[in-house]
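Chemist: structure, please.
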Amino acid sequence: MANEISASASGAAPEAPQLVGGGGDTPRCRRRRPSSRSDPLLIVCGCFSIVTAAIAILCFAVNVLSAVQSFRAGLDIFGGIFRCYAVAISLFVAVVETEWGFIIRFCKILEYWPARGMLQIFLAVMTKAYPNVERKDLILLQNIASYLLLACGLIYIISVSLGNFGCLFVFHIM
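Modeler: All right, here's what the predicted structure looks like:
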């Protein structure tokens, strides 16, 4: 009512009341509801991202233990510093895998899977390097964490390569 009065006072035509529920002369529009099912590929990629973040956290723990061991012995200061860099990179990899918006905006290259794969392979090599710790259980953890992260990095790179090969194959057929 207030709209009609203000519209007639300004000289404009009054607005037609909007009907809710499809009564009267207006045809009932049916909106298609989006499917409640998600794309299986997106689910697999999300699970893979969680697994990769968990492995990066394992690398973080292993590198922290190795750095503490290196500094405690006092003989391998450079190895301890190297492990501190590995700790920082492992935290960065874990945050990248959560796809936090600030990190993705800050480092756009990590939107692409090959870049993520190369970063993970680099961290795996850093985790595997300098196994000069006396504790056999820590060396075993270093091996497990580095090989798991190496596998995740290779999966990123291989999946992109296979995806590109599939696109080339489809375009070749056309």
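Chemist: and the helices in the protein?
Modeler: Using DSSP state H, the helices found in the chain span residues 2-10, 40-73, 77-97, 101-106, 113-128, 136-173.
Chemist: now, of these, which is deepest in the fold?
Modeler: Counting by mean count of other C-beta atoms under 10 Å, helix 113-128 has the highest mean neighbour count of those, with a mean of 20. C-beta coordinates here come from the backbone N, C-alpha and C atoms, glycine included.
Chemist: what number of residues lie near D76?
Modeler: By the criterion of other C-beta atoms under 10 Å, D76 has 19 neighbours.
Chemist: isn't it up against S70?
Modeler: Yes - counting by C-beta atoms under 8 Å, D76 touches S70, with 4.6 Å between them.
Chemist: could the helices of the chain be laid out in CSV, adding mean pLDDT?
Modeler: Shown next, in CSV, are the helices of the chain (pLDDT from 0 to 100):
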stretch, mean pLDDT
helix 2-10, 49
helix 40-73, 90
helix 77-97, 91
helix 101-106, 82
helix 113-128, 93
helix 136-173, 82
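Chemist: got the contact list for the residue nearest in space to the middle of the chain?
Modeler: The centroid of the chain falls nearest to E97 when counting by C-alpha atoms, centre = their mean (3.2 Å). The contact partners of E97, taken as C-beta atoms under 8 Å, 6 or more residues apart in numbering, are S49, I50, T52, A53, A56, R116.
Chemist: swap the cut-off to 7 Å and go again
Modeler: Going by C-beta atoms under 7 Å, 6 or more residues apart in numbering, E97 touches S49, T52, A53, A56.
Chemist: tell me the one of the residues you listed nearest L41?
Modeler: Minimum distance to L41 across the contacts of E97 is 12.5 Å, recorded for S49 (C-beta to C-beta).
Chemist: what sits closest to that closest one if chain neighbours are left out?
Modeler: E97 (5.0 Å; C-beta to C-beta, 6 or more residues apart in numbering).
Chemist: repeat that for Q142.
Modeler: Q142 sits nearest to V62 (C-beta to C-beta, 6+ apart), 5.3 Å away.
Chemist: the one you found and N143 touch, don't they?
Modeler: No - in this structure, V62 is not within contact of N143 by C-beta atoms under 7 Å, at 9.4 Å.
Chemist: and the pLDDT for P27?
Modeler: Here the pLDDT value assigned to P27 is 53.
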